[in-house]
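1. My questions concern the predicted model and sequence given below.
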Amino acid sequence: MAKWGMVIDLEKCTGCQACTMACSMENGRLPGEHWQDVIFYNEGEYPSPQLKWFPRPCMHCENPSCVAVCPARATYKTEEGQVLVDWERCIGCKYCMIACPYGVRFYTEEKPRYGGPDMKSVFKSGDAHSWNPPWKGPAENWTRGVGTQPAGVVSKCTFCDHRISKAPKGTADLDPQNPATREFTPACVVTCAPGARMFGDLSNPNSEVSKAIGNKNGVRLLDHLGNKPQVYYLTGEGGSVPGNRVLPTKKA
Amino acid sequence: MKYKSEPQTLGELLAATITLAKDPSAAGRWFIGSMAVLVISFGFVMFQLITVGHASFNTSSDGVNWGLPIATYVFFALTSSGLTMIASLATVFGFKQFYPIAKRCIFLAIITLVAGFSVLALELGHPFRMLWVVPTGVQVMSPMFWMGVFYTIDLVLLIVKFYLMWKEDWDSPLSHLVGNAGFVAVILASGMLGLLFGSMVMRPMWFGSFTSIYYMLTAALSGAAAIVVTTYMAYDFDREKMPAQLKAFASGIELPRVFTTLIGITLVMMLARFWTGLWSNMDGLEGFAGLFRDPLFHVEMWVGLALPFFMLLSEKAARNKNAQIIAAFLVLGAMFINRLEFIVSGQTVPMFKGNWTNSLIAYSPSVTEWAMAVLGIAISLALYAFGEKVLDLSATPDHLESTEATAARAAT
Amino acid sequence: MSNPLNPTVSRRRFLQATGAAGAATAVGVGTGALPGFTAIEKVHAQPAAEKSGETVITKSFCHQCPARCGIDVYTTNGRVHSIFGTLDNPLSNGKLCPKGHLGTFLLYDPDRFKGPMKRTNPKKGRNEDPGFVPISWDEALQTVADRLNTLRDKGESHRFGLLFGRGWGAVDAGLLGTFGKLYGTPNSGLGHSSTCADGSKKAKLYTDGNYDYSSYDYAHCNNLLIFGAGFLEAFRPYNYNMQVWGQMRTKAAKTKVTVVDVHMSTTGAAADRLIMIKPGTDGAMALAMAHVILTEGLWDRKFVGDFKPVVQPKDPAAARLPSPTFETGKEIDPALFEGKWTHGLIEWWNAELKDRTPEWAEKITTVPAREIIATARELATVKPSIALFERGPTAHTNGVYNGMAIHSLNALTGSLWVEGGMLNQTTKTPWAKLSLKYEDYMDDYAKSDDRKKPKIDGVGTKYKMASAQIQRIGEYHLKGDPYKMDTLMFYLTAPIFSSPENNGWEKALQDIFVIDTTPYPSENAMFSDLILPDNTYLERLQIADTYSFQGYPMSMIRTPAVKPVHDTKTFGDTLIEIGKRIKGPTSEYYKQLGNTENIIKQMVAGFAENPGDNGVNDYESFKAKGVWFNKTVPYRQKDGVFYAWDKESKSHSIPIDAAKVKEKIFKTPTGKFEFKSGYMEQEKYAHYIHDKHGIAEDRVGFPQWIAPKYSGTGDLHFIASKLPIAAEGRAGNLAHAIAVAQPTQGGKRDVFVEINPETAAKKGIKDGDVVLIKSKTGSVKAPARIYAGVRPDTVFLPYFHGHWAQGRWAKAEERIQKNSVNEVIENVSDPISGLACYYSGMCSIEKA
Ligand SMILES: Nc1nc2c(c(=O)[nH]1)N[C@H]1C(S)=C(S)[C@@H](COP(=O)(O)OP(=O)(O)OC[C@H]3O[C@@H](n4cnc5c(=O)[nH]c(N)nc54)[C@H](O)[C@@H]3O)O[C@H]1N2
Ligand SMILES: Nc1nc2c(c(=O)[nH]1)N[C@H]1C(S)=C(S)[C@@H](COP(=O)(O)OP(=O)(O)OC[C@H]3O[C@@H](n4cnc5c(=O)[nH]c(N)nc54)[C@H](O)[C@@H]3O)O[C@H]1N2
Ligand code: SF4
Ligand code: SF4
Ligand code: SF4
Ligand code: SF4
Ligand code: SF4
Ligand SMILES: [Mo]
């Protein structure tokens, strides 16, 4: 059984958000519903201020607090190590959103934040779907939180379940540059121009992700909380993983 | 005893309801009034939910996930627990002088819990689905699961207990058993509700075992406040209209003492919570500072808790009817603010949103959310007025007089 | 018809939209069509798998910026659902920038025009509903033709102008020149390059003789110095820049990156060194760097040349003469120096450089002298190195000279044409020539001298050295100088939003008959009399070459992924259809031409004898692969010697002579890199530059410091440049883009104006306050973000929001910014390059 995981090299990451856009389009997300988000921080004084960033998908934690709190067992951990939401069980209590340390979960029914009409009302769906984006892909599986979701449930990054689940068993690396594995690779990994994102089997010590974590000292966000993410960051010289969540209040 | 006048059959119950609606008495007016509010607020909320859905809330994934509706639910759930605790003083711990309010407590505990659950149901994405997924899921790791379990047990026991009281069975072993079990259930339920927040290590403003204790004790406080308010309400805020024992009890010192003590404990706990919160630098506690800048919080703290506490310090004032009523109202209000403040402030520190949300999150409930709070209050008022008129909530065991003296000693 | 942006769908259109009436998109290829060519609707026909549920990948290339990345368009059941980079396209390499993915939305944008429309409300204005009513394509095309024919009859065909922006190639922008010649107007094909990036190209043209976006060998570069370019936000080819960024930052010798900018962008933040310079003063810094490189003897002697060996006195007793050096303030005798591949170094030193010390530059640029020295030493020692620049330093009144000074650094460090340096593309895609000669179809009217009218944009007359001047057209029309325009047609450009003082266009377009080809509502469309909506890029057939990014030729084809969703027509075919309706031989020419597909097929024939590296050798294989390329880079320089590519040894090993270098490498009068530009010294230009800049005619050729003239009014520099998610003015209605627009400042619904804490304090502005930014030309509102990453003398507001006539999301009520940032920027051009001075504007800010 594979244990899928991601490695993000902050030294390479340009903060371009192509991952966010690829995810939004591939998975039919609403604007602002960022299963994958790039988080920026700035502090420091002129002329040497700091601007740092890191991309943040769902961490697919080894000890997922979201799974533990879900009274409906709608959120669950698969054998391949993904954490998924069963939209046919979810009661929309949002406890998982409260319990996720990384803020990666989204509730469908919300006021649009981008300005202008709610996309859900522009692209109405005649059926149980919460909306119907004209560009929505063919993949849909509500019990695995894939596709356009019904109303009143919580959604999150699936590690592109509809892609990786088609990968031949035993695949160590889902390398987008390899035509044989490209189509099975998560959208955000496929598009990442500087190749800052890697995806593969953490349980395979010879996978590129395992090697990178080993050789380049991969670190995990908020490790002290014990969720043990399956998404690792390489900080090199370039990036850094911020330990804090909120900016120092601005002076004016 | 005038419980014989209580409707015995469904037909009688209906008839009673009709007469009540026409009844010019206080309860009658309360009933009609709150029913009207109930219907309007329910209509409005349903309209919003059907047309706009939960988008009519001001909650958001990037900000506050749980808003006023959850706070309202917690307020009612804990008030219900508190009421059961007060009742238990008589039914479990044998402080007989509390008997005059026992039945009313139990009844109120039932209806506040019902009100709480109703609001919660409207907040959920799929309330009906809950009915099958939670039992089939049995996620024993989830505090929310256990909260559900314990409150359900609590509700069942309350109903049984009330049925027995209604049947005049105050002392049978069964009645005692139900009472004791109910007390245990309510401790577990309120404690578990506290744990639901207390186990959230990623939300440091909630995290810690303290939260359970805090919830249990503040539950008792809101319960006490509720019973004082409602008891007076039942008699047009006029002691003279009360039956003998109740009047004696109301003008006695026991209830005010319990009440004042609970306010004191709450004040101490809040102080402790704020001390640690404001003092420590840990990331995630910034919300305390924000809370400190929130006027509503100070209304809760000073007007809603400190003021009543000092009002009731002297025995003379404590026995004074108006002092009791005002204090109780203030505390009840404070407890409502307290639930909102506790739940919202715990979420004002954004979860890894960086510059997207580069300061504490601002949240104020939407009209729909307020309407849901109003709905909850309307439900409990309507049911209460109903209960007050058709049922005899001041009923006490016949043998009460004989034991009054002993109980009094026990209390002081 | 009250809502101009959403014309009611006629039944015919409805059928169309639902794909039931494909034939309606047919372009008349009847009688005149060249034999054997299929009618266009066959191309528009769905992939076989229309409803089979299987996913079809169509090759195309992205439309959203000049990088032109090859894309795979995923379509299932006739629905486009995702776009990814094409793996075997040497530019996109399977990757995309954030914009690339949004093409699906651009296709299904609910605000798209549903078909051709005409205006019914003669009044034009921001709040005037054009009252568009749907019309048939036939009526639309005939209306244009009638208008043009009448003008021609009156001998006023020059009063028709066709403006274009993001041109792609032979079947769109490529058609405009010919159309102008046949019809008889000098104004067909007035480009937007003077609002784009002419500055950098001119600076290179004057020094190394190539009018070109260069190609940079980042993968082998060890030192990258970026002056005013959004390397990780905009600079082309954005997607590819990011790909090499990954390599540069992790390769064995990590490429050192220095960024010179006016605020901390993501590029600046990711760099090893960020230098925040005073706007418009880059030239001073570059000159001081040159000064350091020379005085410290760090220049590349093998490429630049060196002092001749000193002739020592015969008498051995006599003191030995020291070999000459560059000493601050001291002139040098040009005779002592021998230039290798450079010309005029000593003249330049004497005339300009000798006094350009770092200390001098510090006063002008506010950049500490030691920073300048450190950067200079590093550039000349950590090699190969590249000094690149784009709009930042060039969108100023002194833009060309800033650019020339910066580019000169590449010569001094010998980075030109070396591995790890920069070069220009010398080979072209072997497109076949069209059999059809337009000359044969020019009638006497078209040929008559009376047709040799000056262009409306003043290029060649008022602007002697510029290639375009689109930003002036409105102004000149209003003045009737040299004449008034009658009809303007727009293709992929909308200066009414994008050009400086854009609001001026609202007046100019009042009495002009305006035709726009935009598929989307826009400010320009609001002022139009006729809308001939183009297909969006996933619906159209089109070809293009890339710019010289990789140093070798690369050409792509857009194959429609789906039938047009609405009743729209590819611009190239629209123009051909108009041509068919022009009186005289012109119509015959266009009948022969047939349609864009015919043109493409003829051109592709050239691949037969020159197959691409990927085997593409005909139309079908071209459509299958989406790209043709030939990776050989013919020439390179090493240690001051230029070599040609040797097929046998597969290396650059055949030395070439000076003549070949002059022909292929340095197309300057001297065949060398000129620190003393012969081009600029030509009499016609020397006069002109003297007039405009007051520079002595014998000095005009030197890269030199002239102070920028700041325009507008106010105490703060106003900089409004690009965001990664912006596609010039075209991303405004993309809610997904809006929701991530300005991540550095948290711009989700609004974009924030960056204000330095010190400045904000002075003005009493708090974070989040709405501020009014104004200058004499106009004003714009935006929420404030207090940000230490911007200079205290500068405010930065991204060029993104402010569309008042794009789709429903662009126009969102809740958004604070309601108009274009360009209303604040005065319409001033660099007199030499003609580039609009976007970044020399001043403004004042106050709490709104
Ligand atoms: N994402 C995105 N990419 C694009 C485009 C787009 O619209 N969006 N458009 C494409 C087009 S058409 C073009 S022309 C290119 C343009 O590519 P660029 O020229 O790189 O882009 P700009 O945003 O115009 O300006 C770049 C930088 O110049 C800085 N700057 C402004 N004034 C000065 C100055 O006086 N000195 C210095 N040193 N810096 C200064 C700005 O802060 C900005 O960071 O981008 C292309 N790529
Ligand atoms: N302040 C500021 N201003 C700038 C810049 C800046 O950085 N800051 N950048 C400048 C630069 S570099 C440039 S290149 C210019 C670009 O400015 P323009 O040349 O005006 O290009 P766009 O703003 O992209 O406008 C393109 C027009 O084409 C329409 N359009 C979109 N898609 C299609 C299509 O598929 N077919 C057709 N026929 N039309 C279409 C759109 O509706 C829009 O009206 O802007 C310049 N303006
Ligand atoms: S796509 Fe890659 S480089 Fe761009 S933000 Fe995402 S992870 Fe970083
Ligand atoms: S990141 Fe959050 S949502 Fe994802 S698995 Fe971990 S706890 Fe669950
Ligand atoms: S919202 Fe859905 S997934 Fe989340 S905890 Fe509740 S039931 Fe589980
Ligand atoms: S793995 Fe797939 S779902 Fe998760 S962030 Fe990347 S693209 Fe989105
Ligand atoms: S860089 Fe981005 S916008 Fe430009 S062509 Fe490539 S994908 Fe499209
Ligand atoms: Mo441009």
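-> On my side now, so go ahead. Ligands and ions are numbered 1, 2, ... in the order given.

2. buried sites along the helix or strand that contains residue B:384?
-> In this structure, residue B:384 sits in helix B:367-390 according to DSSP states H and E. For helix B:367-390, the neighbour count (16 or more other C-beta atoms under 10 Å in any protein chain shown) marks B:368-390 as buried. (Each C-beta comes from the backbone N, C-alpha and C, glycine too.)

3. How about that helix and chain A, any contact?
-> No. For helix B:367-390, no contact with chain A is found by C-beta under 8 Å from any C-beta of the partner chain; the gap never falls below 11.3 Å.

4. That helix - what's its average pLDDT?
-> Averaged over helix B:367-390, pLDDT sits at 94.

5. about what we covered before: within reach of ligand 4, which of the buried residues of helix B:367-390 are there?
-> Among the buried residues of helix B:367-390, proximity to ligand 4 is found for none (C-beta under 6 Å from any ligand atom).

6. so where's chain B uncertain?
-> Applying pLDDT under 70 to chain B flags the ranges B:1-5, B:24, B:399-412.

7. Closest to the centroid, which residue in it?
-> In chain B, the residue lying closest to the centroid (C-alpha atoms, centre = their mean) is residue B:79, at 1.5 Å.

8. Which helix or which strand is home to the closest residue to it other than its chain neighbours?
-> Leaving aside its sequence neighbours, residue B:79 sits nearest to residue B:222 (C-beta to C-beta, 6 or more residues apart in numbering or on different chains; 4.4 Å). Take DSSP H and E as the rule and residue B:222 turns out to sit in helix B:210-234.

9. With residue C:543 instead?
-> Using DSSP H and E, the element containing residue C:543 is strand C:542-545.

10. what's the answer for residue B:105, then?
-> Assessed by DSSP H and E, residue B:105 sits inside helix B:99-123.

11. Now do the helix holding residue B:384 and helix B:210-234, the angle between them.
-> With axes from the mean of the first three to the mean of the last three C-alpha atoms, to 10 degrees defining the directions, helix B:367-390 sits at 50 degrees from helix B:210-234.

12. Neighbours of the residue nearest to residue B:79, how many?
-> Number of residues near residue B:222 (other C-beta atoms under 10 Å in any protein chain shown) recorded here: 27.

13. Who are the contact partners of it?
-> For residue B:222, the contact set (C-beta atoms under 8 Å, 6 or more residues apart in numbering or on different chains) comprises B:75, B:78, B:79, B:82, B:331, B:332, B:335.

14. same thing but 6 Å
-> Counting by C-beta atoms under 6 Å, 6 or more residues apart in numbering or on different chains, residue B:222 makes contact with B:78, B:79, B:82, B:335.

15. among these, which ones are buried?
-> B:78, B:79, B:82, B:335.

16. Give me the three-state assignment for residue C:131.
-> Here residue C:131 is recorded as coil under DSSP: H, G, I helix; E, B strand; the rest coil.

17. That one reaches residue C:120, doesn't it?
-> Yes. With contact defined as C-beta atoms under 6 Å, residue C:131 reaches residue C:120; the gap is 3.9 Å.

18. on that earlier part again, quick check, the strand holding residue C:543 touching ligand 2?
-> No. Residues of strand C:542-545 are not located near ligand 2 by C-beta under 6 Å from any ligand atom, the shortest gap being 9.7 Å.

19. And the contacts of the very next helix or strand once past that strand?
-> Once strand C:542-545 ends, the next helix or strand along the chain (criterion: DSSP H and E) is strand C:554-558. By C-beta under 6 Å, 6+ apart, the surrounding residues in contact with strand C:554-558 are C:60-61, C:70, C:429, C:540, C:542-546, C:622-623, C:626-629.

20. Please apply the same query to stretch A:140-153.
-> Residues from elsewhere that reach stretch A:140-153 (C-beta under 6 Å, 6+ apart): A:28, A:84-88, A:90, A:92, A:108, A:128-130, A:136, A:139, A:155, A:158, A:161-162, B:125-126.

21. Apply 8 Å and report the result again.
-> For stretch A:140-153, contacts defined as C-beta under 8 Å, 6+ apart pick out A:27-28, A:74, A:84-88, A:90-92, A:107-109, A:125, A:128-133, A:136-137, A:139, A:155-156, A:158, A:161-162, B:53-54, B:124-126.

22. Tell me the one among the contacts of strand C:554-558 nearest to ligand 1.
-> residue C:546 (13.0 Å; C-beta to the nearest ligand atom).

23. Just the pLDDT at the residue lying closest to that closest one once chain neighbours are set aside, thanks.
-> Using C-beta to C-beta, 6+ apart and skipping the chain neighbours, the partner closest in space to residue C:546 is residue C:554 (4.6 Å). Here the pLDDT value assigned to residue C:554 is 97.

24. Distance of residue C:554 relative to residue C:320?
-> To residue C:320, residue C:554 is 56 Å away according to C-beta to C-beta, to the nearest Å.
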